[in-house]
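>>> would you be able to build a 3D model of this:
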Amino acid sequence: MIGSDVAQAQSSTRDTGATVWADYEMDNGWRQQWIAMHFGNRLDINDAGFLSRNSANYLHWQINRRFTDADRATLPRIGVGAPPPTTTTMVSC
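Have a look, this model is predicted:
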């Protein structure tokens, strides 16, 4: 959570912003990740660092599954003599 309160000779502005990041480890190697960001219209934090854009809302959701060595015996083989896949499947919205 962050906020700004800028007072100048003729006017003043005040606003807030926040970022929430959550990782959820589920069973069988499944994992979800949630990211939400909000920066208010009048948020001014450029003195504290770089703000790419104020007046922004951002939501990210990702799900993936990790295959471990224990999973290799249960995965189907692709082709003759080919090892099972070891990649991570990802879906991002």
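>>> what's the strand ranked longest in the chain packed up against?
Counting by DSSP state E, the longest strand found in the chain is strand 12-25. Contacts defined by 3 or more Cβ pairs under 8 Å, 6 or more residues apart in numbering; DSSP states H and E place strand 12-25 against strand 2-7, strand 30-39. For every residue, glycine as well, the C-beta is placed using N, CA and C.
>>> among those strands, which is nearest Arg14?
strand 2-7 (4.6 Å; Cβ to Cβ).
>>> list the buried ones in the closest one?
Ser4 (16 or more other Cβ atoms under 10 Å).
>>> same question, stretch 8-22
For stretch 8-22, by 16+ other Cβ under 10 Å, it's 15, 17.
>>> from here on, call the first residue 557.
Got it, the first residue is 557 from now on, which makes the last one we talked about stretch 564-578.
>>> avg pLDDT for it?
Mean per-residue pLDDT for stretch 564-578: 86.
>>> likewise for stretch 618-625?
Average pLDDT, stretch 618-625: 82.
>>> for it, output the C-alpha coordinates as PDB.
Extracted in PDB, the C-alpha atoms of stretch 618-625 (Å, rounded to 0.1, in the frame of the first residue of the first chain):
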ATOM      1  CA  GLN A 618      -1.700 -18.000 -13.800                       C
ATOM      2  CA  ILE A 619      -2.000 -21.700 -13.200                       C
ATOM      3  CA  ASN A 620       0.800 -24.300 -13.900                       C
ATOM      4  CA  ARG A 621       1.700 -27.800 -13.000                       C
ATOM      5  CA  ARG A 622       5.200 -29.000 -12.200                       C
ATOM      6  CA  PHE A 623       6.200 -32.500 -13.200                       C
ATOM      7  CA  THR A 624       8.800 -34.100 -10.900                       C
ATOM      8  CA  ASP A 625      10.800 -37.300 -11.200                       C
END
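>>> in that stretch, which of the residues would be classed as buried?
Result for stretch 618-625 [16+ other Cβ under 10 Å]: buried residues Phe623.
>>> picking up where we left off before, now the weakest link among the helices and strands packed on strand 568-581, please, by mean pLDDT.
Among the helices and strands packed on strand 568-581, strand 558-563 carries the lowest mean pLDDT (a mean of 76).
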